[in-house]
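Enquirer: Turn this into a structure:
(one chain, ligands or ions: 1)
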Amino acid sequence: MAGANFGKPPAEFLWGVSTSSYQIEGAANEDGRGPSIWDVYCRQPGRIANGDTGDVACDHYHRYAEDVALMRELGIKAYRFSVSWPRVIPQGYGAINQAGLAFYDRLIDELAGAGIEPWLCLYHWDLPQALSEHGGWTNRDCAKWFADYATLIGEHYGDRVKRFATFNEPSVFTLFGFSLGGQAPGISDHASLLRAIHHVNLGHGAAVDRLRASVARASIGAIHNCQPCRPAYEGQDNLRAAQRLDAYWNGAFPDPQLLGRYPTLIADEIAPYQQPGDLERICRPVDWFGLNHYSPHYVIADANANKPLGIAFGPAPAEVPRSSMGWPVDPDAFLETLTELDRRYKLPIYVLENGTASADVIDADGDIRDQPRIDYLRSYTASMFEAIEAGVDVRGYFVWSLLDNFEWGSGFSQRFGLVYVDYPTQRRIAKASFHWYAQLIKSAPVYAAYGANASS
Ligand code: FCB
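Expert: You can find the predicted model right below:
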């Protein structure tokens, strides 16, 4: 049935997993790494559940070979990771830390040995603290510092790495870091949010140019978190709040980067921070759209919340199931998102994060039967197959995440991994979902029919 209609040869489809530097590496004070804004933020009382930090995390810095062996066993063809900017340039600009560069050399070589393609993301939120002291993303110079960092990465790894992402989820780290609260650097100021948005966009455009100049045959994109924004309740106010969040969350980065304009609803607010020629600097040709997707948002108008943003997150309808994070589980929203992005930006899409937290426990047999994660992944991949069959150009799918890891404000209290990490011993245990995903990858030639027919 459906399998016969599959949009492109399954062999081209890229199955992978994603991680990020601060969430897994640990080794925060080793081999010359400088502090990042997350090291500082985690030390501020009350910021992170249980006072957790990424100091040790999954100790991936020392256990990367074991982790790559797990990836090989899983059968993935691609691994997305991020480079920690302060590990390779401890002050953000200037002196380079060779020992930091050498860590990613070892990782990339290990991946090559396992036949796994590296997907390197330049920025997954761990800005060097030294730059934050110069205003970080609120300072226009940050785009220049980022471009120089991109050149270093392109020149150093470009012989072995061809896939580069500039930023992971710029809307998330700007909105939560500079307005809504809950993420580093912990600022709540609307002008700072607007400046950060525009400067991150400038950094993106500059980094694309630098990577093209330094890496032959580079394949470049940015990774956006896109989620439908729905009003939580009826009423014009809530509808307007949902549209406003949509502009900030879903439009503020992809629109200028790919269409050369800011969404109408926020263009006037950003205008004071723009200089002539900026949109041309931002809108540089890229090769694909990186999508992270988890859930839809339910939005309410709240004039007193995060002024002048005036939005707050409301509850999902009672009948919508939720994950242990409280995030709604709604695979139709994934189909809707894929379809809309394909229509709007007309680029090949790589799903570079999708997955769920669940309250995993080791049972008496030593197994982790994470059925909620299997159910989630099955229903979301089924939506993706449906999109592909309808002609949406999806080229790959990466699960978040390989390992349980440091989940930002939730610390280690939320587990997203296909592999369980026993933090006191750093022992890795493959969960049932790991075996499920390995099977999905193996059965790829018939996967279009899989979602429809699977019974367990
Ligand atoms: C995304 C982040 C990633 C992880 C997942 C659960 O927003 O990119 O680092 O925290 O959520």
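
Enquirer: What mean pLDDT does the one helix or strand Ala147 maps to get?
Expert: Taking DSSP states H and E as the definition, one finds Ala147 inside helix 141-157. For helix 141-157, the mean pLDDT works out to 99.

Enquirer: and it, what does it pack onto?
Expert: Applying 3 or more Cβ pairs under 8 Å, 6 or more residues apart in numbering; DSSP states H and E, we find helix 141-157 packed against helix 85-88, helix 98-113, strand 117-123, strand 163-168, helix 190-214. C-beta here means a position set from N, CA and C on the backbone, and glycine is covered the same way.

Enquirer: so how far is the very next helix or strand once past the last one off the chain centroid?
Expert: Next helix or strand after helix 190-214 toward the C-terminus (DSSP H and E): strand 219-225. Computed by Cα atoms, centre = their mean, to the nearest Å, the chain-centroid distance of strand 219-225 equals 9 Å.

Enquirer: Same question for stretch 408-418.
Expert: Worked out by Cα atoms, centre = their mean, stretch 408-418 lies 14 Å from the chain centre.

Enquirer: could you pull out the helices for the stretch 201-350 of the chain?
Expert: For the stretch 201-350 of the chain, applying DSSP state H, counting those that start in this stretch gives helices covering 236-246, 254, 264-270, 278-282, 331-345.

Enquirer: For Ala312, give the beta-bridge partners.
Expert: Ile300 (DSSP bridges).

Enquirer: Could you double-check that it lies in contact with His297?
Expert: No: at 10.7 Å, Ala312 does not count as touching His297 under the criterion of Cβ atoms under 8 Å.

Enquirer: which residues do those two both contact?
Expert: With Cβ atoms under 8 Å, 6 or more residues apart in numbering applied, the contact sets of Ala312 and His297 do not overlap.

Enquirer: So the two - more neighbours on which side?
Expert: His297 (22 against 17; other Cβ atoms under 10 Å).

Enquirer: Skipping its backbone neighbours, what lies nearest that one in space?
Expert: Counting by Cβ to Cβ, 6 or more residues apart in numbering, Cys229 is the residue found nearest to His297 once chain neighbours are left out, at 4.8 Å.

Enquirer: neighbours of that neighbour, just the number please.
Expert: 21.

Enquirer: residue contacts, it?
Expert: Ala242, Gln243, Leu245, Asp246, Trp249, Asn250, Pro296, His297, Val299.

Enquirer: Look up the pLDDT of the fourth one for me, please.
Expert: Going back to what we said before, that points to Asp246. At Asp246, the pLDDT recorded in the model is 98.

Enquirer: Name the nearest residue to it, ignoring sequence neighbours.
Expert: Closest to Asp246 by Cβ to Cβ, 6+ apart is Cys229, at 4.1 Å.

Enquirer: Same check on the second one?
Expert: When the adjacent residues along the chain are set aside, Gln243 lies closest to Leu265, with 6.5 Å between them (Cβ to Cβ, 6+ apart).

Enquirer: Which pLDDT does the model give that neighbour?
Expert: Checking the pLDDT column for Leu265, the value is 97.

Enquirer: how many neighbours does it have?
Expert: 16.

Enquirer: same deal with the one 5 residues further on?
Expert: Residue neighbour count, defined by other Cβ under 10 Å, stands at 19 for Ile270.

Enquirer: Contact residues of this protein facing the ligand?
Expert: Ser20, Gln23, Asn168, Glu169, Val172, Asn225, Asn292, Glu353, Trp400, Glu407, Trp408, Phe416 (Cβ under 6 Å from any ligand atom).

Enquirer: can you list the residues you listed in TSV and add distance to Asp370, neighbour count and pLDDT?
Expert: Listed next are the residues of the chain next to the ligand as TSV, based on distance: Cβ to Cβ, whole Å; neighbours: other Cβ atoms under 10 Å; pLDDT from 0 to 100:
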residue	distance to Asp370	neighbour count	pLDDT
Ser20	21	25	99
Gln23	19	25	99
Asn168	24	24	99
Glu169	24	24	99
Val172	25	20	98
Asn225	23	21	98
Asn292	20	20	98
Glu353	18	24	99
Trp400	14	24	98
Glu407	15	19	98
Trp408	21	25	98
Phe416	10	26	98
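
Enquirer: What about the residues you listed, which are in strands?
Expert: Asn168, Asn225, Asn292, Glu353, Trp400 (DSSP state E).

Enquirer: From Gly136, how far out is the third one?
Expert: Read it as Asn292. 22 Å (Cβ to Cβ, to the nearest Å).

Enquirer: same deal with the first one?
Expert: In this structure, Asn168 and Gly136 are separated by 16 Å, where distance is defined by Cβ to Cβ.

Enquirer: same check, this time on the last one
Expert: Here the distance between Trp400 and Gly136 works out to 25 Å (Cβ to Cβ).

Enquirer: and Asn225, bridged to which residues?
Expert: Asn292.

Enquirer: Would you mind measuring the gap between the ends of stretch 351-369?
Expert: 25 Å (Cα to Cα, to the nearest Å).

Enquirer: Show me where the stretch 151-300 of the chain dips below the pLDDT cut-off.
Expert: Within the stretch 151-300 of the chain, no stretch has pLDDT under 70.

Enquirer: Residue in it with the shortest distance to the ligand?
Expert: Nearest residue of the stretch 151-300 of the chain to the ligand: Glu169, at 4.8 Å (Cβ to the nearest ligand atom).

Enquirer: my read: that residue touches Asn292, true?
Expert: Yes: counting by Cβ under 8 Å, Glu169 does reach Asn292; the two are 5.9 Å apart.
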